[in-house]
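# show me how the following folds:
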Amino acid sequence: MGQNLSSTVVVDTSKDITSPEDRRSQIILGILWLGCVYGIAMIYCAIALLARWSGKHGERGVNIFSILAAFLLSVGWPVVLVYLGTST
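Numbers count the residues shown, from 1 in each chain. The predicted structure is shown next:
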């Protein structure tokens, strides 16, 4: 028990590679993670736009067209974040 933990032999792992199936799975998992982050950022930006459009105390009502416009504009969420950051 634990004999290999105190070994002083350095194992060269530079030639270790993943199998093609594992590589494909890692790529798919990375794409899914990026898609989730992008979706969360879209939702955040759409809500921020709707909050900005409704006014400071909610004076203006939010209808279906403003909701659709917010989600359409939130596709480019990095630009929306720059806009919200510079205009406040």
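
# for this protein, what are the low-confidence residue spans?
Counting by pLDDT under 70, the chain has low-confidence residues at 1-4, 6, 88.

# show me the helices in it, by range?
20-53, 64-73, 77-87 (DSSP state H).

# list the helices and strands the first one packs on?
Using 3 or more C-beta pairs under 8 Å, 6 or more residues apart in numbering; DSSP states H and E as the contact test, the elements touching helix 20-53 are helix 64-73, helix 77-87. Every residue, glycine included, has its C-beta placed from N, CA and C.

# buried ones in it, by neighbour count?
Residues of helix 20-53 classed as buried by neighbour count (16 or more other C-beta atoms under 10 Å): 42, 45-46, 48-50.

# and which of those residues is nearest to Pro78?
Set against Pro78, the nearest of the buried residues of helix 20-53 by C-beta to C-beta is Cys45 (9.0 Å).

# surely the closest one meets Val79?
No: the criterion here is C-beta atoms under 8 Å, and Cys45 misses it with Val79 at 9.1 Å.

# now distance to Glu21 too, for the buried residues of helix 20-53, in a markdown table please.
Listed next are these as a markdown table, based on distance: C-beta to C-beta, whole Å:
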| residue | distance to Glu21 |
| --- | --- |
| Met42 | 32 |
| Cys45 | 36 |
| Ala46 | 37 |
| Ala48 | 41 |
| Leu49 | 42 |
| Leu50 | 44 |
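
# from those, pick the one nearest Leu73.
Leu49 (6.3 Å).

# centre-most residue in the chain?
Val37 (1.6 Å; C-alpha atoms, centre = their mean).
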